[in-house]
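In: Take this sequence and fold it.
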Amino acid sequence: MKNFPIFSKGLIAATLLSLMLLGCASSSDSSVSSDAQEIQSQLLGDMPLPAGSKILSADSLIIGRGDNWVGRAVLSGVQNSTDIYAFFQAEYPKSGWTTVSAIKAKTSILVFTKGERTSTVELNDGSFTGPKTLITITASPKNANVVAPKK
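Out: You can find the predicted model right below:
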C-alpha cells in the first residue's frame, strides 16, 4: 500500500467530513422546510404562500388559526417583489379570494375578500442582508365594527 503524505491524509479526512456534514444539513433542511410549510398552512389556512417564504414570528400577531385567523403575518420571501406580486395575483383567486384592489409600486398593496373576510397583502423590497421581499398579510372580518378613537 502506498503511503500518502500527512497533508494528503488530512485533506482527504477533511473532505470526507465536509461531505458527511453537507449531506446531514441537506436532509435536515428539507424536513424543516416541510414542517415549516405545514405549520404555516395550519396557521393561515386558505391563504397560499409563495414557495420558500417563512413567517417571521417576532413581527407577526396571529390570533386564531386556519381559515378564520385574524391579525398580521409578516413573512420573508425568497423571490423578488415583482414575482411575489404576480404569485398573489394568480394564486389567491384560485383559492376563492376576489381581488378588490391591486397597486404595484415601490410598496405594493393587494386587497382581497372571501366570504366575510378581508386580506391585505403589502410587499416591500427586502434589505441587502435580509429577505428579498418582506410580505405583510393582514386579515380581518370584512365588516368589523371599528370604533374611531375620540379626540
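In: Residue nearest the middle of the protein, spatially speaking?
Out: The centroid of the chain falls nearest to residue 53 when counting by C-alpha atoms, centre = their mean (2.4 Å).
In: Neighbouring strands - and their directions - for the helix or strand hosting residue 75?
Out: Assessed by DSSP states H and E, residue 75 sits inside strand 70-77. Strand pairing for strand 70-77, determined by DSSP bridges: strand 54-55 (antiparallel), strand 61-63 (antiparallel), strand 133-141 (antiparallel).
In: out of these, deepest packed?
Out: Burial of those is given as mean neighbour count (mean count of other C-beta atoms under 10 Å); strand 133-141 ranks first at a mean of 20. Quick note: C-beta positions are derived from backbone N, CA and C, even for glycine.
In: remind me which residues of the chain are low pLDDT?
Out: 1-41, 144-146 (pLDDT under 70).
In: What are the boundaries of the helices in it?
Out: Along the chain, counting by DSSP state H, helices occupy 6-44, 81-94.
In: Would you mind measuring from the residue nearest to the centre of the chain to residue 143?
Out: According to C-beta to C-beta, to the nearest Å, residue 53 stands 29 Å off from residue 143.
In: Residue 150 too?
Out: 22 Å.
In: Quick check: buried residues in the strand holding residue 75?
Out: Across strand 70-77, burial judged by 16 or more other C-beta atoms under 10 Å covers 72-77.
In: surely the residue nearest to the centre of the chain meets residue 135?
Out: Yes. When contacts are counted by C-beta atoms under 8 Å, residue 53 is listed as touching residue 135 (6.3 Å).
In: who touches both of these two?
Out: Shared contacts of residue 53 and residue 135 (C-beta atoms under 8 Å, 6 or more residues apart in numbering): 75-77.
In: okay if I get those as JSON lines plus distance to residue 122?
Out: Output for the shared contacts of residue 53 and residue 135, formatted as JSON lines (distance: C-beta to C-beta, whole Å):
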{"residue": "75", "distance to residue 122": "11"}
{"residue": "76", "distance to residue 122": "14"}
{"residue": "77", "distance to residue 122": "12"}
